[in-house]
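Chemist: show me how the following folds:
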Amino acid sequence: MANNNIGSKRLVVGAHYGLTEWLLQRVTAVIMIIFTVVLLAVYLIYGNASYEGWASLFANQLMKILTFLTLTSLFYHAWVGIRDIWMDYIGSAGLRLTLQTLTVLWLVGCTAYAAQILWRV
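Modeler: Below is the predicted model:
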């Protein structure tokens, strides 16, 4: 007869989103790096650091969309990091929920403000 008492018999619990969140945080970091390289290349090619130069760059609809995508990636990247900090270091469930809620509200507000700024130019 086979002995089935090999290995641990622990019950695995949790939200099971660790790998997905880890991967999404890396993807958002790559998006931010690509945008930074593109922005640096545009600056080095055209070299116009005046207000008019930046305003004309961001008058382009594609640049607005890429910038908004990058800022949204930044806010999501921040959410994953801050949420992990709250989950790891805040023991009280009520305080943790409050901090997570305030963080989400802040980041959603930042996203809305970024959209307003980008499409006002």
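
Chemist: what about Thr28, neighbour count?
Modeler: Neighbour count for Thr28, taken as other C-beta atoms under 10 Å: 21. Backbone N, C-alpha and C define where each C-beta goes, glycine included.

Chemist: so what's it scoring on pLDDT?
Modeler: With respect to pLDDT, Thr28 scores 96.

Chemist: now do Thr36
Modeler: Predicted confidence (pLDDT) for Thr36: 96.

Chemist: buried residues in the strand or helix carrying it?
Modeler: Using DSSP states H and E, Thr36 sits within helix 18-46. Neighbour-count burial for helix 18-46 flags 21, 24-25, 28, 31-32, 35 (criterion: 16 or more other C-beta atoms under 10 Å).

Chemist: I'd like the average pLDDT over the helix or strand following it.
Modeler: Later in the chain than helix 18-46, the nearest helix or strand by DSSP H and E is helix 51-59. Helix 51-59 shows a mean pLDDT of 86.

Chemist: swap in stretch 100-120?
Modeler: Stretch 100-120 shows a mean pLDDT of 96.
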